[in-house]
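S.K.: can you look at this prediction? I've put the sequence above it.
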Amino acid sequence: MLRTREAATLARATGKQSLQLLISSRDAAALNHLKTVSQRLPSLQVNTRLVSNGHTDPLYGLEQMPDFLLLRVSHLWREELAALLLRPVHERPPLLICGPLEEREGIRLAMQAGARDFLPEPVAADELLAALARMIQETQAGQGAGGQLIAVMNAKGGSGATLLACNLAHQLSAQGGSTLLLDLDLQFGSVAHCLDVVPAHSHVDVLQQIDEMDSVALRGFCSHFSPTLHVLGGRSGELCLPQDVRLEQLEALLRLARNTYDWVVVDLPRQIDHLTGITLEQADRVYVLLQQSLSHLKDATRLVRIMRDELGVQSERLQVVVNRYDKASPVSLQDIAEALRCTDLHKLPNDYAVVSASQNTGVPLLLHAPRAPLTLGVRGLTQALLGTKTAEQGLLKRTFGRLFGG
C-alpha cells in the first residue's frame, strides 16, 4: 500500500481531474486482478480492454489515447510490443508492462516501446501501486517543467565530451536560460575544474538527500559560476562508486533539475550502467563525440548501436559530433555517417592552443576566445538547441490547448 505521505503528494500533483489508465490483456483473470489493485489509487480512472480478436496492438481503434497504459503481455509479446513500436513516439502513452516476459529480447523491446517498468508475475499489489504512483508523478512533473535534458558522452576516452558539455552549458546560460551543468562521472569528473569553481557540496550529497529537496535547496547545493549557470559535481578526494547511487535517487534529481532549470546539461562517463542508461533514455538530445580514427569509429559504432537498440534512443534525439575535425583525415565524414547510419553530423575544428588555455584557466571559450572557430562551432550547436526548443514550445502550447483546454 502507498504510504500516507506518498498518497498526499500524489493527490497534490494530480489535482482534481482524474487521469486515464487503460489496462490491456488477453487474460480475463489477470485483467480483473490488475484493475482491482489499480483502482486503489483515487487519482486514476481505470478502464480495461480484454483483447480477444486478431489485433495485437493494445491501442488499436481507440479514439482517445489514455494517459497511461498497463499492458499484460501474452505469449504474443513480440507482436504486441512490435505493434506499439510501429506507432510514433508521441502516440505511445507512458507504459507499464507485466506478464510472461523474461527473455532478454523481450526486455529490450519493452524498453524501446517506452516501458517505465516491468513487473514480474505474480504482480504484487504494493509494487504495482508504487510503479503507477511514480509514473503519475513523473508525468505531472514533466508537464509542468520547461527544462530540457541534454546528455553528452564520449565514444572513446578523450574525445572532448567535457569540453563540449561545459561550453554548451555556458553558452545556453549566456542566452539567459537558467542552466545546470551536472557531472555524472562519479570518480573522475572535471567540470568543476574546467569552470574554476570549488564545490562546497557534491552530487553525492544531493542524491542522498534528494527526497527532502526542493528547487531552492538544489540551487543552494550547487556551485554558481554565474547567476544563470550552476554546477553540480564531485569534490576532489571523494570516492563514489556507481552502485552507491540508487536509480530512484538519480531519477528524482533529474526530475527536480528539469523543474528548476531551463536546461540541464549532463556530462556522462564513457560507460553503460543504470545511471547513464536512465539519463540517456530521458534525454531530449544526446551528443556522442568522436574523432577521425578507426578506433574511435569502431567504439562509436558499438555505442550508437547500444543506444538505439538496447536503450531505445531515437535517431532524432541523437547527434554525432566529430571533434578536432581534419579535412585531410583518411577517415572522412562520409565514412562516419555510413558506419553510424547518421546523416546529420556536426564537426568542431581542432584548436589545441585555445582549448588548453581555456581549460587551464577555467574560462569558457565564449569568454576566452569569443571569435575562435571552435567557439563558433559550439555556438552553432547552442543555436540549434535554442531553435528546437522555441519550435517545440510553440507546438506544445497549441497541442496542450487542444487536448486539455489550457
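M.R.: Structure's in. What do you need?
S.K.: show the average pLDDT along the helix or strand hosting residue 169.
M.R.: With elements delineated by DSSP states H and E, residue 169 resides in helix 161-174, which encompasses its position. Mean pLDDT, computed over helix 161-174, is 95.
S.K.: residues in contact with residue 28?
M.R.: Shown here is residue 28, whose contacts under the criterion C-beta atoms under 8 Å, 6 or more residues apart in numbering are residue 50. C-betas here are computed from N, CA, C, even on glycine.
S.K.: again, but for the one 10 residues further on
M.R.: With contacts taken as C-beta under 8 Å, 6+ apart, residue 38 has the following neighbours: 21, 23, 44, 46, 70, 128, 129, 132.
S.K.: now with 7 Å?
M.R.: Taking C-beta atoms under 7 Å, 6 or more residues apart in numbering, we find residue 38 in contact with 21, 23, 44, 46, 70, 128, 132.
S.K.: would TSV of these with secondary structure be doable?
M.R.: Compiled in TSV, the contacts of residue 38 are given as follows (DSSP: H, G, I helix; E, B strand; the rest coil):
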residue	secondary structure
21	strand
23	strand
44	strand
46	strand
70	strand
128	helix
132	helix
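S.K.: now the residue nearest to the spatial centre of the chain. Its backbone dihedrals?
M.R.: Centre of the chain computed as the mean C-alpha position; nearest residue by C-alpha atoms, centre = their mean is residue 282, 1.7 Å away. Geometry field for residue 282 lists phi and psi as phi -90, psi -10, criterion degrees, to the nearest 10.
S.K.: verify the stated contact: residue 358 with residue 365.
M.R.: Yes - contact between residue 358 and residue 365 holds when scored by C-beta atoms under 7 Å: they sit 5.4 Å apart.
S.K.: could you give the average pLDDT over stretch 131-150?
M.R.: Mean predicted confidence for stretch 131-150 is 73.
S.K.: actually stretch 357-377, not the one I typed
M.R.: Averaged across stretch 357-377, pLDDT comes to 93.
S.K.: check stretch 253-262 too.
M.R.: For stretch 253-262, the mean per-residue pLDDT is 92.
S.K.: repeat that for stretch 339-352.
M.R.: When pLDDT is averaged over stretch 339-352, the result is 91.
S.K.: could you do stretch 87-94 as well?
M.R.: In this model, stretch 87-94 carries a mean pLDDT of 79.
S.K.: now stretch 189-198
M.R.: Mean pLDDT, computed over stretch 189-198, is 88.
S.K.: again with stretch 34-41
M.R.: Stretch 34-41 carries an average pLDDT of 93.
S.K.: ok now that stretch, how far from the chain's centre?
M.R.: In this view, stretch 34-41 has its centroid 29 Å away from the chain centroid, taken as C-alpha atoms, centre = their mean, to the nearest Å.
S.K.: what comes up buried for it?
M.R.: Residues 34, 35, 37, 38, 41 are the ones in stretch 34-41 that count as buried (16 or more other C-beta atoms under 10 Å).
S.K.: dump it to PDB, keeping only the CA atoms.
M.R.: The C-alpha trace of stretch 34-41 is given here as PDB (Å, rounded to 0.1, in the frame of the first residue of the first chain):
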ATOM      1  CA  LEU A  34      -4.800  -5.600 -12.200                       C
ATOM      2  CA  LYS A  35      -8.000  -3.500 -12.300                       C
ATOM      3  CA  THR A  36      -8.800  -4.200  -8.600                       C
ATOM      4  CA  VAL A  37      -5.400  -3.100  -7.500                       C
ATOM      5  CA  SER A  38      -5.100  -0.100  -9.700                       C
ATOM      6  CA  GLN A  39      -8.500   1.300  -8.500                       C
ATOM      7  CA  ARG A  40      -7.000   1.800  -5.100                       C
ATOM      8  CA  LEU A  41      -5.400   5.000  -6.500                       C
END
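S.K.: Three-state assignment for residue 96, please.
M.R.: In three-state terms, and counting by three-state DSSP, residue 96 is strand.
S.K.: quick check: bridge partners of the nearest residue in space to it that is not next to it in sequence?
M.R.: Excluding the flanking residues, the one nearest residue 96 by C-beta to C-beta, 6 or more residues apart in numbering is residue 70, at 4.8 Å. Per DSSP bridges, the residues bridged to residue 70 are residue 23, residue 96.
S.K.: pretty sure residue 123 is in a strand, no?
M.R.: No - checked against three-state DSSP, residue 123 lies outside a strand; its state is coil.
S.K.: before we move on, back to that, Throw the buried residues of stretch 34-41 into TSV and include distance to residue 52 and secondary structure, thanks.
M.R.: Supplementary listing: these in TSV, determined by distance: C-beta to C-beta, whole Å; DSSP: H, G, I helix; E, B strand; the rest coil:
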residue	distance to residue 52	secondary structure
34	17	helix
35	17	helix
37	22	helix
38	21	helix
41	27	coil
